[in-house]
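Structure of the sequence below:
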Amino acid sequence: MTILFVDIVAFTPRASRLPPRDVVRYLNRVFSEFDRLAEKYRLEKIKTIGDAYMVAGGMPDPRVGHAADVADMALDILDVTRRLGTEMHDDLSVRMGIHTGSAVAGVIGKSPKMIPVEVKIKTSRGQERAFNFRMVEDELFSPVLAYVALASVLQNNERAFGTSTIRGRLGPLNGDVEIDRAARRGRVQVEIDTTLASTGVSVLDARLREPDLLAVQAHPKAYLVAERVEIDDAGRVKSLRGEFTLRGVSMPLTLTAVRFNCYTSPLFRREVCGGDFEGQFSRSAAGITHSLPFVSDTVRLLVQVEALRTDGP
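Below is the predicted model:
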């Protein structure tokens, strides 16, 4: 199951300045919006504790995709709090935390309400205190955390997430790379199968393939074509300049060599050249605007190339 815990920043001093009826109206307006989102994503509202709101996915009926639904609700909460803050002329911001793991739940007392009493997640001491759950420190956290971490460290609804970098790979690739070091020219033409995008996390991989991200059904291929190849006096490739096409949209792309070298392979008895190249592009240029500005618009590309010389002895 996946738990989302939300609380309103600086609520205590705000409540101390308001009459009790206004405090109740304030919380009702905010939490009613959260209830609407919970219903939208088929999540189970657990309880509210003062200014804190708790919702769960994957319970009471287990289902696939609950972690992604909880994370999407967290992102929608950012939009809702921004809108409500404007409507109420209030500096409304929230803190949120998401965790996924196995849980034990039961009915406490006579009220038929299911309350999770144990969640097996490896987490920080600070989050343990915030959630007031009994953590099992020797359990490995679910790999789905690589996705839900997108919404796990929010200071307020204007700052970026500031969590770990999400990494993935595409490959194998099909295409041709031609380098003529003597003439200082070259050409690269590569076809990339976007359906093979892999982060090592199946939930995130499935999310990446959806229409608002890579849109693999409509655009199963991406393309890199570069005909401007910079080669120095020593015959080392310095950069590649061309176009990168993603989701049917072409954009300029420069790949700069972090390192490049050639040597004679004792195994093949031929020259082998290879290197690491680095570049970046803005995903919004290809129409991928999900989670902006809270998740970076910049996508960093790291390309590794190694090839055997095909001409000569």
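
got any ranges where this structure has weak pLDDT?
For the chain, the stretches with pLDDT under 70 are 103-167, 171-172, 294, 310-313.

all strands for it, in order.
Listed from the start of the chain, the chain has strands (DSSP state E) covering 2-8, 44-49, 52-57, 94-100, 102-107, 114-120, 174-180, 185-193, 221-231, 237-246, 249-264, 271-282, 298-308.

and the third one, which strands flank it?
Spelled out, that is strand 52-57. Taking DSSP bridges as the criterion, strand 52-57 pairs within the sheet with strand 2-8 (antiparallel), strand 44-49 (antiparallel).

So for residue 93, which of the ones you listed sits nearest?
Proximity to residue 93 (CB to CB) singles out strand 2-8 among the strands paired with strand 52-57, at 7.6 Å. Where C-beta positions appear, they are placed from N, C-alpha and C, glycine not excepted.

Dump the closest one to CSV, keeping only the CA atoms.
Presented in CSV, the C-alpha positions along strand 2-8 are these (Å, rounded to 0.1, in the frame of the first residue of the first chain):
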residue,chain,number,x,y,z
THR,A,2,1.0,3.7,-0.4
ILE,A,3,0.4,6.4,2.3
LEU,A,4,0.2,10.1,1.6
PHE,A,5,0.4,12.4,4.6
VAL,A,6,-0.3,16.1,4.2
ASP,A,7,-0.2,19.0,6.6
ILE,A,8,-0.6,22.7,6.3
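
thinking again about what came up before, and the strands of the chain as JSON lines, adding distance to residue 35?
Supplementary listing: these in JSON lines, determined by distance: least, CB to CB, whole Å:
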{"stretch": "strand 2-8", "distance to residue 35": "12"}
{"stretch": "strand 44-49", "distance to residue 35": "6"}
{"stretch": "strand 52-57", "distance to residue 35": "9"}
{"stretch": "strand 94-100", "distance to residue 35": "15"}
{"stretch": "strand 102-107", "distance to residue 35": "20"}
{"stretch": "strand 114-120", "distance to residue 35": "17"}
{"stretch": "strand 174-180", "distance to residue 35": "49"}
{"stretch": "strand 185-193", "distance to residue 35": "42"}
{"stretch": "strand 221-231", "distance to residue 35": "40"}
{"stretch": "strand 237-246", "distance to residue 35": "38"}
{"stretch": "strand 249-264", "distance to residue 35": "38"}
{"stretch": "strand 271-282", "distance to residue 35": "36"}
{"stretch": "strand 298-308", "distance to residue 35": "35"}
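
Using TSV, lay out those together with mean neighbour count.
Conversion of those to TSV gives the following (neighbours: other CB atoms under 10 Å):
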stretch	mean neighbour count
strand 2-8	23
strand 44-49	15
strand 52-57	22
strand 94-100	22
strand 102-107	13
strand 114-120	16
strand 174-180	13
strand 185-193	17
strand 221-231	18
strand 237-246	20
strand 249-264	15
strand 271-282	16
strand 298-308	13
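
what's the closest of those to residue 28?
Closest approach to residue 28 among the strands of the chain (CB to CB): strand 44-49, 9.9 Å.

Looking at the strands of the chain, spot the one closest to residue 201.
Using CB to CB as the criterion, the shortest distance between residue 201 and the strands of the chain is 11.2 Å, found for strand 94-100.

by contact count, what packs against the closest one?
strand 2-8, helix 66-87, helix 125-131, helix 145-148 (3 or more CB pairs under 8 Å, 6 or more residues apart in numbering; DSSP states H and E).

what would those look like in TSV with distance to residue 253?
Written out in TSV, the entries for the helices and strands packed on strand 94-100 read as follows (distance: least, CB to CB, whole Å):
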stretch	distance to residue 253
strand 2-8	36
helix 66-87	28
helix 125-131	39
helix 145-148	26
